[in-house]
Structure formats: structure tokens, C-alpha cells
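Peer 1: only the shape, not the letters, is given here:
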């Protein structure tokens, strides 16, 4: 095996594969390696639909060997450390791999240990997560006979910030259609349903339609799976609001100024998430543990021959595949500039991300936004006869269920700009 490459890509997720594929499309002779131990690549955006019983889990998976672009060396191993001064990546079984340029894109990892009781409870009984086992989520929703159905998310950054509420809307729709007496609760440490106002207005109406209980400033702290109780910390500025907002209907118990206990009959949550350990312990990260890059050029702030993108990068935007779609061309162009002995002058990434917000079966709104939280819908949506993507539309549901998976496997993974 070659131990020295022009470009080494760490991670064969969406960001790593797309970057490698686009680079090799422009220069098929480029010496490039991808380091990743995984046998299977998953299209994770469809896991929301799997959890709602409307997509097959097996259709979200493909063997990794089918996706590694032609011309790349696949080093099927774990990256375990970086030596940026020596331009090498340490691996578990293959020693050090040298690079001229490095692309860091290993994604993030689930960190359930950050919530007391979650590691023991996750994916068992009535505690479920689309982030870890969406098939179990659908089992839990189907077997739900009534009571409190609680949906929540952690205080850490997470993949697709809208995902924890998307499954709440699908579940609420399912319960309504099947006349199940459910008290659906969406509890979030955040202050609002969504940061982009046109989308927030739509989601407020969705919550009202399903009669859901919206609980802002609720940060999950502890899960007692045996007694089916979740404990939240109230993290709002006005701690007295905690008491005045107490809901007898869902059986909340408040003690002190900030502790809230809520019984559940089913619980869905996004586990806390973090950069992988070998990233957090490296020289590449900022104080929050994410790879420290320029937010517009994606070039590392200390080591100019290193770029990072995707979920592991310290970018103040949502961690989504759609964000990666816009980040990859910037990284690719900057790498090609540097290979031509020019500065990495493409600083055009403005934080674009997107969150397809499924609001029920056959309904979706599409949040597209930038670093400033501006609503930035794609003009191409008009070709689909979608003239206001902030509103629910069945055509957007069709895009989510059929269009986006097709684009992912057949365009994005093959190095095409879409």
C-alpha cells in the first residue's frame, strides 16, 4: 500500500465521498486516498421516513465499495490521530499515511453518555431514536396505545436540527389517523420551533393542528426507563416561567426552580452528539471540539493545507447533507488552487443549509437558509410548481421521498454538482 498521497480524505460519508469524487472527476490521475473502516454507507436523511413507517431501512444502505470513486485508494482502517506539522495521519493498522493536502470529514458520533440513563435506555422498550435505530422507532409508534408521547433533543449540536420534530409530526399524524389518545409533547432546549421565521410560522400552525404541547427551554438531563420518567432542566432566562408553564395535562412535576419531571409512554430523542474522540483530542479543533476552519473557505485557520467540511467542521449552520452539497465545490476549488500554487481564494460559502421539514404523511415544508438565518429558497423549486416552500406541499414530500434519494445516489455520490 502507498503511504504517501497528494490528497488524503478522512471519512467516507457524504462529505468525504463527494469531495473525493469531484476531485477525481477533474483530475483522474490525482493520487488520493480515503480512510474509513465502514463496510456500509447510509443515506441517513431517509431515516426520518423509516421511523415513520414509510421507507425501507435496507433502501438507505449501500456497500461502501460501490461508492468509493474510481481512482481512489480505500484505506479500510480507523484514523486515530493527526500530525499536522509532519503532514501525516495515524491509522490503527496501517501506520502513518502522508499527505500534501488533507480533507477532514469523519462526521460526528452519538454521545448518549451525556444524558444520565440514556445509554441503558436507548433503543429498548418505549425509548427510541431515528438517529440510532429508526426501525425500532416505527415499532414503538405502531405499538403506542395512548398517553404521553415525548419528543426531545439535547443541548449539543446535532445532525439535522429539524429531525427530532419531524418524527413528532409524523407520529402525531399517525395517532390522529388511528384515533389514538396521544398527548404529543415536543420539548427543546431552544427558544423557538425553528430559527427561520417563514418556517416557524408554518410549524406553529402544524403544532396547533395536532394539538401538540410545545415546551421551549427544556433540556433533557436524565432518563429513568424503568419508571418511564424523563427529567429536564429548564434553561430559560426567566426561571419563574418554569412554574407558571407547568402542565397538569401531561403530569409534569416541578421541583426547585429548574427541575421538571415528565412521565412518558413513549420517548423519542436525538442523543447528544460530538466530534469523534480522535478529532477532539487533536490539534485541529477549537475550544468546543469541532475542526477550526474559516467559515467561508473551509480552510483550517492554523494549517493551510488542511480543509474540513460536513458535520465535524466548526461552522455556525445546520449540520446537513444539503450544507455539504454547497461546501464541497468550495473545498474542491480551493484545493485545486493550492495545487497550482495559488491561494485558496474561494470564500463563497455563506452557510447554506437546508432542512426538509416533514409535517405529516404527504406534507413537507423546505427550510433553506444561510449564516444570517435568511430564508433562501432554491429558484429551481418553481420548476416543480412549488412557489412558496415555507408552506406545506405534497410535491415537497415527493421530493423528500423520491427525488432527493435519487439525486444523492446517482449525482452527489458520483461527483456531480447538484
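Peer 2: The structure has been received and is ready for your questions. These numbers were taken from a predicted model, which means no experiment stands behind them.
Peer 1: which stretches of the protein form helices?
Peer 2: 14-26, 47-51, 118-121, 134-143, 163-177, 197-210, 240-244, 277-280, 321-339, 394-398, 404-410 (DSSP state H).
Peer 1: please state the offset of the fourth one from the chain centre?
Peer 2: Centroid displacement of helix 134-143 relative to its chain, using CA atoms, centre = their mean, to the nearest Å, is 20 Å.
Peer 1: touching that helix from outside, list them.
Peer 2: 47-48, 50-53, 57, 123, 126-130, 167, 170-171, 174, 266, 268 (CB atoms under 8 Å, 6 or more residues apart in numbering). For the C-beta atoms, the positions are set from N, CA and C on the backbone; glycine is no exception.
Peer 1: go on, the last one?
Peer 2: Counting by CB under 8 Å, 6+ apart, the neighbours of helix 404-410 from elsewhere in the structure are 14, 43, 45-46, 59, 62, 321, 356, 418.
Peer 1: ok now that helix, how far from the chain's centre?
Peer 2: 17 Å.
Peer 1: what of the fifth one?
Peer 2: Using CA atoms, centre = their mean, the mean C-alpha position of helix 163-177 is found 19 Å from that of the whole chain.
Peer 1: mind listing what's buried along it?
Peer 2: 163-175 (16 or more other CB atoms under 10 Å).
Peer 1: looking at the residues you listed, which is nearest residue 145?
Peer 2: The nearest member of the buried residues of helix 163-177 to residue 145, counting by CB to CB, is residue 175 at 10.2 Å.
Peer 1: quick one: contacts for the closest one?
Peer 2: Contacts of residue 175 by CB under 8 Å, 6+ apart are 144, 149, 182, 184.
Peer 1: hang on, the earlier thing: pick out the lowest-pLDDT one from the contacts of helix 404-410.
Peer 2: pLDDT is lowest at residue 418 among these; the value there is 82.
Peer 1: excluding its backbone neighbours, what's nearest residue 378?
Peer 2: residue 368 (6.2 Å; CB to CB, 6 or more residues apart in numbering).
Peer 1: quick one: neighbours of that neighbour, just the number.
Peer 2: Burial of residue 368, expressed as a neighbour count using other CB atoms under 10 Å, amounts to 20.
Peer 1: just confirm it contacts residue 389, I think it does.
Peer 2: Yes - between residue 368 and residue 389 there is a contact under CB atoms under 8 Å: 7.1 Å.
Peer 1: now the common contact residues for those two.
Peer 2: Common neighbours of residue 368 and residue 389 (CB under 8 Å, 6+ apart) are 377-378.
Peer 1: re earlier: tell me which of the contacts of residue 175 fall in strands.
Peer 2: 149, 182, 184 (DSSP state E).
Peer 1: can you pull the contacts of the last one?
Peer 2: Contacts of residue 184 were listed using CB under 8 Å, 6+ apart, and they are 149, 151, 168, 171-172, 175, 210-213.
Peer 1: what is the nearest of these to residue 88?
Peer 2: Closest to residue 88, out of all of these and judged by CB to CB, is residue 151, at 44.0 Å.
Peer 1: can you tell me which of the contacts of helix 134-143 are buried?
Peer 2: Buried among these by 16+ other CB under 10 Å: 47-48, 50-53, 57, 126-130, 167, 170-171, 174, 266, 268.
Peer 1: rewinding a little: out of the contacts of residue 184, which is nearest to residue 258?
Peer 2: Comparing the contacts of residue 184 against residue 258 with CB to CB places residue 213 closest, at 18.6 Å.
Peer 1: right, and the closest one touches residue 172 too?
Peer 2: No - counting by CB under 8 Å, residue 213 does not reach residue 172; the two are 10.7 Å apart.
Peer 1: now the contacts of residue 184 as JSON lines including distance to residue 360 and pLDDT?
Peer 2: What follows is the contacts of residue 184, written out as JSON lines (distance: CB to CB, whole Å; pLDDT from 0 to 100):
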{"residue": "149", "distance to residue 360": "15", "pLDDT": "98"}
{"residue": "151", "distance to residue 360": "14", "pLDDT": "98"}
{"residue": "168", "distance to residue 360": "11", "pLDDT": "98"}
{"residue": "171", "distance to residue 360": "10", "pLDDT": "98"}
{"residue": "172", "distance to residue 360": "8", "pLDDT": "98"}
{"residue": "175", "distance to residue 360": "11", "pLDDT": "98"}
{"residue": "210", "distance to residue 360": "8", "pLDDT": "98"}
{"residue": "211", "distance to residue 360": "13", "pLDDT": "97"}
{"residue": "212", "distance to residue 360": "12", "pLDDT": "97"}
{"residue": "213", "distance to residue 360": "17", "pLDDT": "97"}
